[in-house]
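1. mind looking at a prediction? Sequence and model below.
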Amino acid sequence: MGYHGGEVVRAQHPIAPQHAVVPSTSRGGEVMTRASRILCCVFSMFTLLALYGCSKPAPPATTATPAALIGPWRGEVQFSDGAFATTKDLQFLYVFNAGGTMTESSNYDGVPPVAPAYGAWRETGANTFEATYTFFTTQAPADVKTLLAGGGWMPAGHGVLTEHIQLAADGRSFDSTIKLELFDKSGKAVEGGASAKAHAIRAGF
């Protein structure tokens with residue numbers, strides 16, 4: 001208050017404006033954010049558990065057991081009829097491969113000269129197998145002159161051996177029956193077929 005021109009003048013003091021009190025929301029927002037994160041984690045966990053429970057576990061890997069016949073064998077063969085019925089020392093060498101193929105050769109492949117036999121085999125039951133294999137037959141030269149001229153042993157047809165094998169329990173030997181069929185060059189069956197029995201032991205180490 002002051003005195004001005006005979007009048008008392010009251011000083012006018014500016015009134016500070018009142019600021020509105022705004023409630024703070026920063027802490028509440030932080031709480032909400034943390035709660036949302038927790039809910040998301042819980043939801044994700046339950047989702048994963050549900051997916052795991054619905055999924056089926058993969059079946060265990062299996063390894064096929066190779067047939068006990070696979071490998072090399074040496075057998076003694078005795079025909080009961082046919083051209084080899086009188087032969088007492090006929091032997092076969094076999095190799096049974098894992099893929100189902102086989103090779104056979106004998107100690108008489110040079111009488112007359114013939115190539116080894118090739119074929120296939122399969123498992124038919126518990127320790128029982130069947131094999132069928134083919135070899136080419138040859139025809140002797142007509143005379144020595146033809147042989148000297150390079151005629152040699154010419155093709156005459158082929159033979160088919162069908163063998164039914166019973167493997168021993170220890171897998172070290174087998175017994176079998178063999179049927180031989182002969183065919184000419186045109187594939188027509190010819191005489192000379194025969195039957196035999198064999199006993200073989202595992203060869204190699």
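-> Ah, there it is.
2. all contacts plus neighbour counts: C-alpha atoms, from now on.
-> OK.
3. what segments of the protein are strands?
-> Secondary structure of the chain (DSSP state E): strands located at 2-4, 7-9, 71-79, 91-96, 101-106, 117-125, 128-139, 154-167, 173-184, 189-202.
4. export those to CSV and append columns for mean neighbour count, mean pLDDT and distance to residue 85.
-> Formatted as CSV, the strands of the chain follow (neighbours: other Cα atoms under 10 Å; pLDDT from 0 to 100; distance: least, Cα to Cα, whole Å):
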stretch, mean neighbour count, mean pLDDT, distance to residue 85
strand 2-4, 9, 48, 156
strand 7-9, 10, 49, 156
strand 71-79, 20, 98, 5
strand 91-96, 19, 98, 13
strand 101-106, 19, 98, 15
strand 117-125, 16, 97, 20
strand 128-139, 19, 96, 18
strand 154-167, 19, 96, 15
strand 173-184, 18, 98, 12
strand 189-202, 17, 97, 8
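5. quick one: closest of the ones you listed to residue 148.
-> Between residue 148 and the strands of the chain, the shortest gap by Cα to Cα is with strand 154-167, which sits at 13.5 Å.
6. I'd like to know which elements the closest one is packed against.
-> Packing partners of strand 154-167 (3 or more Cα pairs under 8 Å, 6 or more residues apart in numbering; DSSP states H and E): strand 128-139, strand 173-184.
7. touching, residue 201 and residue 71? I think so.
-> No: Residue 201 lies out of contact with residue 71 (Cα atoms under 8 Å); the separation is 10.8 Å.
8. can you count the residues close to residue 87?
-> Residues lying near residue 87 (other Cα atoms under 10 Å) number 12.
9. that one against residue 80, yeah?
-> No: judged on Cα under 8 Å, residue 87 makes no contact with residue 80 at a distance of 9.8 Å.
10. re the thing from before, switch the strands of the chain over to TSV; also include distance to residue 146.
-> What follows is the strands of the chain, written out as TSV (distance: least, Cα to Cα, whole Å):
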stretch	distance to residue 146
strand 2-4	160
strand 7-9	160
strand 71-79	32
strand 91-96	31
strand 101-106	27
strand 117-125	27
strand 128-139	12
strand 154-167	11
strand 173-184	21
strand 189-202	25
